[in-house]
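> predicted model and sequence below, questions to follow.
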Amino acid sequence: MKLSIIIAAYNEEATIAEILARVRKVALPGIEREIVVVDDGSKDRTAEIVRTYPDVRFFQHPQNRGKGAALNTGIQNAEGDILLLQDADLEYSPEDYPDLLRPILEGRADLVLGSRFRYQGPRFFTKNGDPFFSHYIGNILIVALTNFLYGQKVTDYEGCYKAFTRDIARKVTVKASGFEFDNELICKSLRLGYRLEEAAIHYKPRLYSEGKKIRPADGLKILWTIIQWRFLPVVKAENARASAADAAGRR
């Protein structure tokens, strides 16, 4: 069994080394792992730092194309039986990997979402005035709309962590290049009948001053993605990896 951990990074020189260290440290008995990092046109030292890790498979976009585009490059080049999406910051704990993988390894699920709200309640305000309350309202809308349209009872669709099978990676083609990538992946997987479960994860939100990137406009794109893929035709794509690397440069 092989796990591909896919990290999309954009201007994350302050955190990329630490998250790579934590990812490499997690104990996963009986599971081989590969780490795939896609630098999405960073203007800082992110790519330089990642290149110092000989065990990391590294790909680079010459220009910034969006988180979804970077994840797509990583997925198309991943070799694992299970794929797991990991952010390049420190908001999430790789120590949660075993809980995320368990439903797939036990044959109960094809796609596992990490829920931020099972261990702790939402955080509304910070001393710096970061708009976490508006984020929470947006989350409520996203959860309610997705559950209603797709017949689910999920508590959180917007956490970073998604673990899914090679079959989903091969047959679900995602076109989105922004933060709505995750929602298109989830909605299409549900439309195609893949089984979904949640796992509780730990979450420590970072501030915009620390590099947080998602904006209100991204929330509108996410809502539209949820609506359109409930009604547009979804076809399995057996050769979803045919355009591997797609303008990315391998080290």
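Alright, I've got the coordinates.

> can you report phi and psi for Asn84?
In this structure residue 84 is Leu, not Asn. In terms of degrees, to the nearest 10, the main-chain angles of Leu84 are phi -140, psi 130.

> next one: Leu111
Main-chain dihedrals, Leu111, degrees, to the nearest 10: phi -140, psi 130.

> make 39 the starting number, not 1.
Shifting the count to begin at 39 puts that one at Leu149.

> list the contacts of the closest residue to Asn102 other than its chain neighbours.
In space, and not counting its chain neighbours, Asn102 is closest to Gly79: 3.7 Å by C-beta to C-beta, 6 or more residues apart in numbering. Just so you know, the C-beta spots here come from the backbone N, C-alpha and C atoms, and that holds for glycine as well. Residues near Gly79 by C-beta atoms under 8 Å, 6 or more residues apart in numbering: 48, 98-103.

> what about these, which are in strands?
98-99 (DSSP state E).

> isn't Ile43 right up against Ile120?
No. Assessed by C-beta atoms under 8 Å, Ile43 is found out of contact with Ile120, at 9.6 Å.

> tell me which element the residue most central in space within the chain falls in.
Nearest to the mean C-alpha position of the chain, by C-alpha atoms, centre = their mean, lies Leu123 at 3.9 Å. Assigned by DSSP states H and E, Leu123 belongs to strand 120-125.

> neighbouring strands of that strand in the sheet, and parallel or not?
strand 40-47 (parallel), strand 200-203 (antiparallel) (DSSP bridges).

> export those as TSV, with columns for mean neighbour count.
Listed next are the strands paired with strand 120-125 as TSV, based on neighbours: other C-beta atoms under 10 Å:
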stretch	mean neighbour count
strand 40-47	24
strand 200-203	24
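
> can you redo the ones you listed as JSON lines with mean pLDDT and distance to Asn185?
Formatted as JSON lines, those follow (pLDDT from 0 to 100; distance: least, C-beta to C-beta, whole Å):
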{"stretch": "strand 40-47", "mean pLDDT": "98", "distance to Asn185": "26"}
{"stretch": "strand 200-203", "mean pLDDT": "98", "distance to Asn185": "17"}
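
> thinking again about what came up before, tell me the mean pLDDT over the strand holding Leu123?
Mean pLDDT, strand 120-125: 98.

> over to stretch 58-76?
97.

> how long is it end to end?
13 Å (C-alpha to C-alpha, to the nearest Å).

> how about that stretch: buried residues?
58, 61, 64, 69, 71-76 (16 or more other C-beta atoms under 10 Å).

> now, which of these sits nearest Tyr130?
Lowest distance from Tyr130 to those (C-beta to C-beta) belongs to Val61, with 10.4 Å.

> I'd assumed the closest one was in a helix, is it?
Yes. The assignment for Val61 by DSSP: H, G, I helix; E, B strand; the rest coil puts it in a helix.

> low-confidence bits of the stretch 39-188 of the chain, can you list those?
157-172 (pLDDT under 70).

> helices of that one, start to end?
54-63, 84-88, 105-115, 135-143, 170-188 (DSSP state H, counting those that start in this stretch).

> quick check: the farthest pair among the contacts of Gly79?
It's Tyr48 and Pro100 that sit farthest apart of the contacts of Gly79, by C-beta to C-beta, at 13.0 Å.

> the two - which one has more neighbours?
Tyr48 (21 against 11; other C-beta atoms under 10 Å).

> test my guess that the more buried one contacts Asn102.
Yes. Under the criterion of C-beta under 8 Å, Tyr48 makes contact with Asn102 at 6.3 Å.
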